[in-house]
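Chemist: Show me how the following folds:
(one chain, ligands or ions: 2)
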Amino acid sequence: KDTMIKRILAADSNYPVIDRTFSYGTAGFRTLGAHLEKVSFRAGILSAIRAKVSNGLTGVMVTASHNPKQDNGLKIVEADGSMLHPDWEKKAEILINSKNLAQTLYDFDQEFTAHNIFEHRGYVFVGQDTRESSQRLSDALRNGAFFIGSKTINYGLVTTPQLHFLTEKGGKIGQARYDEIKANDYTEFFTAQFQNFLALIKDQSTTKYQNELYLDCANGIGSVQMKKVSELLGTDSDLKVHFFNDDLIPDKLNEECGAEFVHKDQKFPTHFEDSSFRGKKCASFDGDADRLILFYRDENDKLVLIDGDKQFVLISMYVKDLLSKLGITEDQMSLVLVQTAYVNSRATRYLKEKGVRNELCPTGVKNAHPIVLKYDIGANDEPNGHGTIVAKMDKLDQVLAGHMDKIEAQKLRAVLLISNMCVGDAIANILLLEAIMRDLDMSIQDFALIYEENPSRNYKAVVKDRTKFKVIWDETKLTQPIELQEKIDQLITTVEEGKAFVRPSGTEDILRIYSEARTHEQMELLAQQILEEIK
Ligand code: NG1
Ligand code: ZN
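Modeler: Ligands and ions are numbered 1, 2, ... in the order given. Now for the predicted structure:
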């Protein structure tokens, strides 16, 4: 034990000290890549300890997703493919920020005496995105795990949802068989699920479904994995993907392209400016391919977005429709769509009209997860393109038992299996949506028209201390400063269908301001008045 700790301390001292406190935010540890080497080394130790005291495995993804190329981050994944347990987020912060690492390690040892953390072997599955700093951080991370007597399996360049998928698979099959797990299991699995679904509807002819997809890959890792899917689908496939922004040069990552750029800036990504794209079905991944935005250029060259909310409204409605065609009631199989305060009022109204159960939760997937799990089928999404639908497959199979001769039952089972049930996944979600659009014979224009959103936009404001801004649970209102909330309450009544709120970001040192109204001008006016109040 003592020798091991000595070696850990010696290795730790090789990584430069960054004088600040790191916190495990909604997206893990995230900051400038250059500041994360020591954090990575220690996160390697922490993930290995977490593995040792659970069922032997954790995963870690090195990525900063849609954030600028000089940033990086570390996200730890549990053996069941879910996000790191909240208790362990706290433990991670203690270890990463520790000023006396030896003492902290002795404390962990005490707390988990039964697990013998210095002797037991843990495994850590590691993945990384295409950033310049990712390799160095992955090296430091694996070094940390090694110094505490653990093994790592390096999957190299994979997407974030892919790393979740591989970790979940490892958690299921157990340590003795980890070497069977290959990065391509992921692409093979989702391609097969998509093909299984298409096989059910192969005789249905289509007139409106567009089988060509123009895909902006944010110059990130998503292109590599989606190209594998495309190859597996083959040239005679129903779906043909045209790849754009598929350069892996780190300098180009998320640069004027990608889901975040398209959604937040409401602009066409680079290489999609041309009017020859008019009417075509387009989509954007973010830098680590866990977010998806669909879009097209209308006849007036305007950008029309299909955000995460609309994607999951379609998915939930599709599932609901199959259930009701089968005569399966809400009591037999419950269904929910969990969204955030950022949902457009028109989406909420539409869900209400259609009778889809809808709940709100605070921003961040980890807040949606516990609600989703209360239902037999639970979807959650954020407008920025995160989202997944999770089904309790055992329960579903019981309920469908007497129905499997019916096409609706076969479709329901098959379509849910295209979903990455661990975490939102741009690749799984585009396949899932293609399957549904194909079945419903829907064009991208039909999809956009299922309901018409109010104009809305997210704004940022830099303030001295964002922790002074406190919100209620679902983040739709401020409790502090109360004068600001009173002002917002008053301002929204001055525009038609006004909706607005202010909350501190969980991932950046800024305030976020959301504004929505019936017209673009009113929406902007509302936002400007609120921004004035914040100044
Ligand atoms: P914050 O910075 O807390 O608003 C942002 C996104 C979330 C989520 C997390 C990262 C918006 C408004 N917020 O959170 O949806 O993607 O980053 O997981 O886009
Ligand atoms: Zn991402």
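Chemist: Pick out the residue of the chain closest to ligand 2.
Modeler: Per CB to the ion, residue 65 is where the chain lies closest to ligand 2, at 3.1 Å. C-beta coordinates here come from the backbone N, C-alpha and C atoms, glycine included.
Chemist: Leaving out sequence neighbours, find the closest residue to the residue of the stretch 201-350 of the chain found nearest ligand 1.
Modeler: Residue of the stretch 201-350 of the chain nearest ligand 1, by CB to the nearest ligand atom: residue 342 (5.7 Å). Of all residues not flanking residue 342 in the chain, residue 383 sits nearest, at 4.9 Å (CB to CB, 6 or more residues apart in numbering).
Chemist: what about that neighbour, which SS state?
Modeler: For residue 383, the assignment made with DSSP: H, G, I helix; E, B strand; the rest coil gives coil.
Chemist: That one: neighbouring residues, count only.
Modeler: For residue 383, the count of nearby residues is 26 (other CB atoms under 10 Å).
Chemist: Go ahead and confirm it touches residue 306.
Modeler: No. Counting by CB atoms under 8 Å, residue 383 does not reach residue 306; the two are 10.3 Å apart.
Chemist: what about the lowest-mean-pLDDT helix or strand in the chain, distance to the chain center?
Modeler: Lowest on mean pLDDT, DSSP states H and E among the helices and strands of the chain sits helix 365-372, with a mean of 91. Centre-to-centre, helix 365-372 and its host chain are 12 Å apart (CA atoms, centre = their mean, to the nearest Å).
Chemist: Go through it and flag the buried ones.
Modeler: 365, 366, 367, 368, 369, 372 (16 or more other CB atoms under 10 Å).
Chemist: And the residues you listed, which is closest to ligand 1?
Modeler: Nearest to ligand 1 out of those is residue 365 (CB to the nearest ligand atom; 6.6 Å).
Chemist: Contacts only, for that closest one.
Modeler: By CB atoms under 8 Å, 6 or more residues apart in numbering, the residues touching residue 365 are 26, 83, 380, 386, 423, 424.
Chemist: Strands along the stretch 251-400 of the chain, start to end?
Modeler: 282-285, 292-297, 303-306, 335-339, 358-360, 377-381, 387-391 (DSSP state E, counting those that start in this stretch).
Chemist: looking at the ones you listed, which is buried most?
Modeler: Highest mean neighbour count among the strands of the stretch 251-400 of the chain (mean count of other CB atoms under 10 Å): strand 282-285, with a mean of 28.
Chemist: now check that one, is it near ligand 1?
Modeler: No. Strand 282-285 does not reach ligand 1 (CB under 6 Å from any ligand atom); its nearest approach is 13.9 Å.
Chemist: Quick check: which of the strands of the stretch 251-400 of the chain is nearest to residue 93?
Modeler: strand 377-381 (25.5 Å; CB to CB).
Chemist: Tell me which other helices or strands the closest one touches.
Modeler: Strand 377-381 sits against helix 308-325, strand 335-339, helix 365-372, strand 387-391, with contacts defined as 3 or more CB pairs under 8 Å, 6 or more residues apart in numbering; DSSP states H and E.
Chemist: tell me the mean pLDDT over the longest one?
Modeler: Regarding helix 308-325, the rounded mean pLDDT is 98.
Chemist: Output the contacting helices and strands for it.
Modeler: Judged by 3+ CB pairs under 8 Å, 6+ apart, helix 308-325 is in contact with strand 292-297, strand 335-339, helix 345-354, strand 377-381, strand 387-391, helix 407-417, helix 426-439, helix 444-448.
Chemist: Please name the residues that touch the residue of the stretch 201-350 of the chain closest to ligand 1.
Modeler: 363, 382, 383, 384, 458, 514.
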